[in-house]
Structures are given as C-alpha cells and as structure tokens.
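Participant: Predicted model, plus sequence, below.
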Amino acid sequence: MTAPVIWWLRRDLRLTDQPALLAALSGKGNAPTPVIPVYVLDDETPRHRIMGGASRWWLHHSLASLDAALRARGSRLILRRGRSEDVLVALAQESGARTIHALHHHEPWWRNAERAVEKRLDLRLHHGNYLLPPGFLTNGSGAPYRIFTPFMRALMAHMPPSAPRPAPDHILAPEHWPDSEALADWALISSMPDWAHGFRAEWTPGEAGAAERLSDFAAHSHAYEAEHDLPSKEGTSRLSPHLHFGEISSATVWHQLAGRDDAGTSAFLRQVIWRDYAQNIICSFPDYGARPAKEMFDGLAWRTGVAAEADYLAWQQGRTGYPIVDAGMRQLWHSGWMHNRVRMICASFLVKHLLIDWRRGEQWFWDTLVDADYAQNSVNWQWVVGSGVDANMFVRLMAPLGQSEKFDAAAYIREWVPELAHLSAPAIHDPDVFGQRPQSYPAKIIDHRAGRERALAAWAQCKGNVGLVE
Ligand SMILES: Cc1cc2nc3c(=O)[nH]c(=O)nc-3n(C[C@H](O)[C@H](O)[C@H](O)COP(=O)(O)OP(=O)(O)OC[C@H]3O[C@@H](n4cnc5c(N)ncnc54)[C@H](O)[C@@H]3O)c2cc1C
C-alpha cells in the first residue's frame, strides 16, 4: 500500500473547502493516498498564549464533531499531546508517513512551529483560512497595509476568493491506524464547576453547526447594517467562533452571500474583511498582543495596586454599576461571547474610565471568549486604546451611558442584569440619575466625569513625557 500522508489540523477543523486535506488525498500519481488526520494539543509551543478556558470548551466539541464526520467517511481523528514538532516526527516514524499537509497559520507561535517542523519533515503548507493569504497585499511602495480602508479596497480588487471545494466522500485509511489519545482524557471541559453550562444552549461547535449558523444568518443578512450595532437584536451572524476554529472558510461565507446586492450584506462582508486585516497586521507586528504599536503608550501610567485590582475584579464580574458594561461582562462569562458594540464599550471602560492596562483586558477576553483570536483580539484592543496602527484616539472615551441609550440596549440589559429587569428606558441605562437603583445593584465604581478627567490627565502626562503636541 502507498505510504500514508499526515494531515495536521489546527484552527481549520473542517472537511469542506479544506485545501490541505485535498492535497493530502491527491498524493502522487493516480494511486489513492491514505491519510492520517491528526490534531496535536500543543500547550508548549504557544507558551503564555495557550488556549483559554472558553476556547478549550469549544475545541472539545469541535474535535468530537470532526471525528464523527471523518468516521462517516472511513477515517478518524488521531489525537496526540505535546510539542507539535516532536509529536509529528514521532507520528511520521510510527506510520511511515513522509509528507505532512497543513494550512498556513499566522500566529507567531505557529509560524515558529512550522519552521521547526519544516527542518525535520517534508511539510507542505496551503492557504485557506482567509479571503487572501495574509501578507499577500502590499501598497504602492511594496509595504504591507496598515490602514483598514486602503487594505479593504486592495482586497476587493481580488474578490471573489476561489470557489469553495466540497468535502471528499471518502478518505482512504492507512493500513494500520496509529494510537490516539482519548478526547475525554484531555479534560478540555470542566465539570467541577460546570462554568460553561451557559455555552451549551448558545452554541453548536463543529462544521454542521457553522453551516447552519451561516444559513440562518443568510435569511436576514439584508438587515445587518440597520441592526448589527444593536445589542438587543440578533443582528450579527455569530459566526466568529466557527470562523476562528476554521469550521467554515471565509471563502464559503463570501460565496454564499456575495451575490446579494443589498447594503446590509455588503456591510457584513466588510466586517469579514476586518478579520483578514487583523491577521495581516499580526504578520507585520507579531507581538501586537503584548506591545503597543505606538511606543509612547509604554509611558502611560496605568493604575496598579489594591484599588485598581478591586476595579478590575468588578469589571470582570460585571459589578461596575454601569448597566451596559455589566450586561456585556456577564454575557461574556455566561455565553463565551459578547456583542461587538458592547465589547468596544467594555474595553473602553476598562482602559479609560478605570485606567487599567489594556493587556489585562485582552488576557481576560482571551480566556473567556469562545472566539478568542490572537489577531482579532489584539488588533481590536489596540484600536480601542488608540495605540494601534489604525486606531481610535485615546482622548475619545466612549460614554457608556450615552452609548447604551443610543444603541437601545434596554432589552439587552434586562436579559443580563436581572437586578434591573423591572426598569424601563431611560432609567435602565442609568438608574442612579433617576433615583431608581435597586439595593441589589452596585453603585458606580467611578463617576463618568471623574473617570474621564483622570484618563485625560494621564494622557496629558504621557504626551508631556515624550514632548508630543497634538
Ligand atoms: C475589544 C475587542 C476584542 C475583540 N476580540 C475578538 C476576538 O478575540 N475574536 C474575534 O473573532 N473577534 C473579536 N472582536 C471583533 C468582533 O467583536 C467579533 O468578531 C464579533 O463580535 C463576532 O460576532 P459575529 O460573528 O456575530 O460578527 P459579525 O458582525 O457577524 O461579523 C462577521 C465576522 O467578521 C469578523 N469581524 C467582525 N467584526 C470584526 C472586527 N471588529 N475585527 C475583526 N474581525 C471582525 C468576525 O470574524 C465575525 O465573525 C473583538 C472586538 C473588540 C472591540
């Protein structure tokens, strides 16, 4: 029998539109090639970027779903733990495989791992997780784009992406299956305590769940422009964890929707381009999750100490006394996801009103979001702070109470902050002002104006230190 090839999966847990699988299957000449699909739980290579708790919950279910889909095609998923490079070398030796196919991954730790594997094995990398290969687009001077709008224009000139290719009906098995660890032994889901119980009602991880989510959204994508900023409506696709884990390709999303000529669908596809944009930024700035792109932000005097820690905890737990912030942080804890508008409000509140280092917020999101994505998370945090290459200005503080009213968040707050469920608008946005704050709901941890003034003073000092005149 022909020697098997290894198909190495990471954030591309799908069979449809999966160039690495198709390349593995095509092998050499006409003889069908046996394929060994392998997922390596590698907690060593990413070091301090190991997958967070919510992502691990998702991963467990996504791997189970992928294994079932593979078994329906005569194959199965091999699970191994350890450093990717070592595991793959061992697997190649055991199975007689000489070639590995995988999709390119662009997180700095995955690029390191790919380089290490390439030194020891015949690794063939394919593109397939983005609309265009990250790093492909450059501006007139041959440099990567830094600003979103010109990036988007350049990307649009190459659209549509290649048409998605169907999943194979059958995947040839090797003569002998290598041993696999048991998914349950990985303890990716925690039952003591079962903090992810809210996730089950919300999500169906896996390729079938992703396809269903896309087809549900396709029925109302025309309303996206009008509704995507309203947290009380289900106006967005909620495809983010499926896209992050590669259970659906962005090309599939594009092809299903792009023929529609309405403003809502176009606005949605623009957001999908943000995903490509964020990944491109990471290719140029691999440590974007740890270092501000604008170095002067290193000099900003973030608060530390006991009072700051207490504020950070109140933010994490949704006890700030700002209903929209608390609703968002509780939605995040309960469901592993937060509406984009509310992510911006909560992030702005942490770094500006509370003057707490954005990296602490980024880490909390990393641990609690089911869609936690190195590129999208760090690019968006730096956008909110104002420290990114294409960013908001630090002095633009989002007024949480005004935002709550403007984006009609009353029903959203009622859902996530039961202490306030009996209030109607406008009191629900700021119960203090209307004298309607129930005893059970915390008082504001900082007054809006005081928080704003403290943030602006810190910014003025930071600017003064580097002699910046705006
Ligand atoms: C502070 C902060 C942190 C964030 N962290 C993450 C993260 O870790 N992972 C993540 O996937 N998104 C992140 N986002 C972006 C955005 O909030 C989510 O992608 C979006 O809320 C997901 O919901 P959806 O799938 O319904 O989005 P939709 O509005 O339906 O958009 C479709 C897809 O486009 C992409 N997208 C949408 N908005 C953005 C954006 N602003 N930047 C990059 N891509 C975008 C996502 O892949 C999304 O699934 C963050 C935003 C903020 C403000």
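Facilitator: Received the coordinates, thanks. Numbering: from 1, shown residues only.
Participant: that's a helix at Gly289, yeah?
Facilitator: No. Gly289 is assigned coil when assessed by DSSP: H, G, I helix; E, B strand; the rest coil, not a helix.
Participant: how about it, phi and psi?
Facilitator: Main-chain dihedrals, Gly289, degrees, to the nearest 10: phi -80, psi -10.
Participant: again with the one 3 residues further on
Facilitator: Note on Pro292: backbone dihedrals following degrees, to the nearest 10 are phi -70, psi 140.
Participant: likewise the one 10 residues further on?
Facilitator: Backbone torsions of Trp302, given as degrees, to the nearest 10, read phi -60, psi 150.
Participant: ok, the residue nearest to it when sequence neighbours are not counted to Asp367 distance?
Facilitator: Excluding the flanking residues, the one nearest Trp302 by C-beta to C-beta, 6 or more residues apart in numbering is Asp357, at 4.1 Å. Where you see a C-beta, it was placed from the backbone N, CA and C, and this is true even at glycine. Separation of Asp357 from Asp367 (C-beta to C-beta, to the nearest Å) stands at 16 Å.
Participant: out of these two, which sits in the more crowded spot?
Facilitator: When Asp357 and Asp367 are compared for neighbours, Asp357 comes out ahead with 19 against 15, by other C-beta atoms under 10 Å.
Participant: From what I see, Leu350 and Gln363 are in contact.
Facilitator: No. If you go by C-beta atoms under 8 Å, Leu350 and Gln363 don't touch, sitting 11.3 Å apart.
Participant: so who does the closest residue to Asp262 other than its chain neighbours touch?
Facilitator: Using C-beta to C-beta, 6+ apart and skipping residues adjacent in sequence, the residue nearest Asp262 is His222, 4.5 Å away. By C-beta atoms under 8 Å, 6 or more residues apart in numbering, the residues touching His222 are 260, 262-265.
Participant: what does the stretch 151-300 of the chain put close to the ligand?
Facilitator: Within the stretch 151-300 of the chain, the residues that sit near the ligand (C-beta under 6 Å from any ligand atom) are 228, 236-240, 243-244, 268, 271-272, 274-275, 278.
Participant: Show me just the buried residues among these.
Facilitator: 228, 236-240, 243-244, 268, 272, 274-275, 278 (16 or more other C-beta atoms under 10 Å).
Participant: Look up how far Asn380 lies from the residue most central in space within the chain.
Facilitator: Nearest to the mean C-alpha position of the chain, by C-alpha atoms, centre = their mean, lies Asp373 at 3.1 Å. Distance of Asp373 to Asn380, computed by C-beta to C-beta: 9 Å.
Participant: Quick one: the strands in the chain, in order.
Facilitator: In the chain, the strands defined using DSSP state E lie at 5-9, 35-41, 78-81, 99-103, 122-126.
Participant: Quick one: closest of those to Thr149.
Facilitator: Smallest distance to Thr149 across these (C-beta to C-beta): 28.0 Å, for strand 99-103.
Participant: quick one: contacts for Val385?
Facilitator: Val385 makes contacts with 292, 297, 347, 351, 358, 391-392, 394, as judged by C-beta under 8 Å, 6+ apart.
Participant: about what we covered before: more neighbours: Leu350 and Gln363, which one.
Facilitator: Higher neighbour count among Leu350 and Gln363: Leu350, with 27 against 18, using other C-beta under 10 Å.
Participant: Now do the contacts for the spatially closest residue to that one that is not a sequence neighbour.
Facilitator: Once flanking residues are discounted, Leu350 sits nearest to Gly361: 4.5 Å by C-beta to C-beta, 6+ apart. By C-beta under 8 Å, 6+ apart, the residues touching Gly361 are 315, 346-347, 350-351, 381.
Participant: repeat that for 10 Å
Facilitator: 312, 315-316, 343, 346-351, 354, 377, 381, 384-385 (C-beta atoms under 10 Å, 6 or more residues apart in numbering).
Participant: what's the closest of those residues to His197?
Facilitator: Gln316 (18.6 Å).
Participant: Any figure for the gap between the closest one and Met329?
Facilitator: For Gln316 relative to Met329 (C-beta to C-beta), the value is 7 Å.
Participant: joint contacts of these two?
Facilitator: 350, 364, 368.
Participant: about what we covered before: counting neighbours, go ahead and name the busier of Gln316 and Met329.
Facilitator: Taking other C-beta under 10 Å, Gln316 and Met329 do not tie; Met329 has more neighbours (26 against 18).
Participant: isn't that one right up against Trp315?
Facilitator: Yes. Met329 is within contact range of Trp315, at 6.4 Å (criterion: C-beta atoms under 10 Å).
Participant: Mutual contacts of the two, please.
Facilitator: 322, 346, 349-350, 364.
Participant: longest helix anywhere in this structure?
Facilitator: Ranked by residue count and defined by DSSP state H, the top helix of the chain is helix 263-284.
Participant: Quick one: low-confidence residue ranges for the chain.
Facilitator: Where the chain drops to pLDDT under 70, the residues are 28-30, 468-470.
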